[in-house]
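Below is the sequence, then the predicted model.
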Amino acid sequence: EYVPPGRTLVPVPIPSNVHGLTTLRWSALTQHEFPVPAGYFIGPGPNEEGIFGAPNRPTSTLIYSTMDKGEVPELTEENRRQAAEDLRYWRASVVVLGAHPREAVLRDLMTGLLDAQPQRVDDVWLWDVRD
């Protein structure tokens, strides 16, 4: 109900070969009922070299570094602008954070980037970004 045709569910962390592999399970468990950005594949990278997964967007990189450090950096208007641009690029409908060892810091990061409080829906935090 949150992801209309042509839109995506953006899991936090964004799937990559290192971070967020568990978030790919959501799509797989629903028989790929909704698309997620990035995902797992082997393909060409920015320099025409083969890479695992999609090239990182600035927001992906910020999420990964926040996870690794365990603390939210001081966010700038540029971080928020880039997050909005990345969400448009991914055709985001909702941003979703499930149980994760760094759940609290990731929730604080996304709340700061999106300048909005999430709602609790079942067992996940959800930011509706359809507008």
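That came in fine, so what should we check first?

any idea where the strands of the protein begin and end?
Along the chain, counting by DSSP state E, strands occupy 8-12, 42-44, 50-52, 92-97, 119-121, 124-128.

Pull the residues that contact the longest one.
In this structure, residues lying in contact with strand 92-97 by Cβ atoms under 8 Å, 6 or more residues apart in numbering are 2-4, 7-12, 26, 37, 87, 103, 106-107, 110, 114, 118, 124-130. Just so you know, the C-beta spots here come from the backbone N, C-alpha and C atoms, and that holds for glycine as well.

quick one: strands adjacent to that strand?
strand 8-12 (parallel), strand 124-128 (antiparallel) (DSSP bridges).

Quick check: residue 109 vs residue 29, distance?
25 Å (Cβ to Cβ, to the nearest Å).

higher neighbour count, those two?
Remark: of residue 109 and residue 29, residue 109 carries more neighbours, 25 against 9, as counted by other Cβ atoms under 10 Å.

residues in contact with the more buried one?
Per Cβ under 8 Å, 6+ apart, neighbours of residue 109: 62-63, 66, 72, 75.

how does it look with 10 Å?
Residue 109 makes contact with 12, 59, 62-63, 65-67, 71-73, 75, 79, 83, 97, 102, according to Cβ atoms under 10 Å, 6 or more residues apart in numbering.

Weed out the non-buried ones from those residues.
12, 59, 62-63, 66-67, 72, 75, 79, 83, 97, 102 (16 or more other Cβ atoms under 10 Å).

For residue 46, state which of these is nearest.
The closest of the buried ones among the contacts of residue 109 to residue 46 turns out to be residue 59 (Cβ to Cβ; 16.6 Å).

Surely that closest one is in contact with residue 78?
No - Residue 59 is beyond contact range of residue 78, at 11.4 Å (criterion: Cβ atoms under 10 Å).

Quick check on the contacts of strand 92-97: which are buried?
3, 7-12, 26, 37, 87, 106-107, 110, 114, 118, 124-127, 129.

residues of stretch 49-60 that come out buried?
53-54, 56-57, 59-60.
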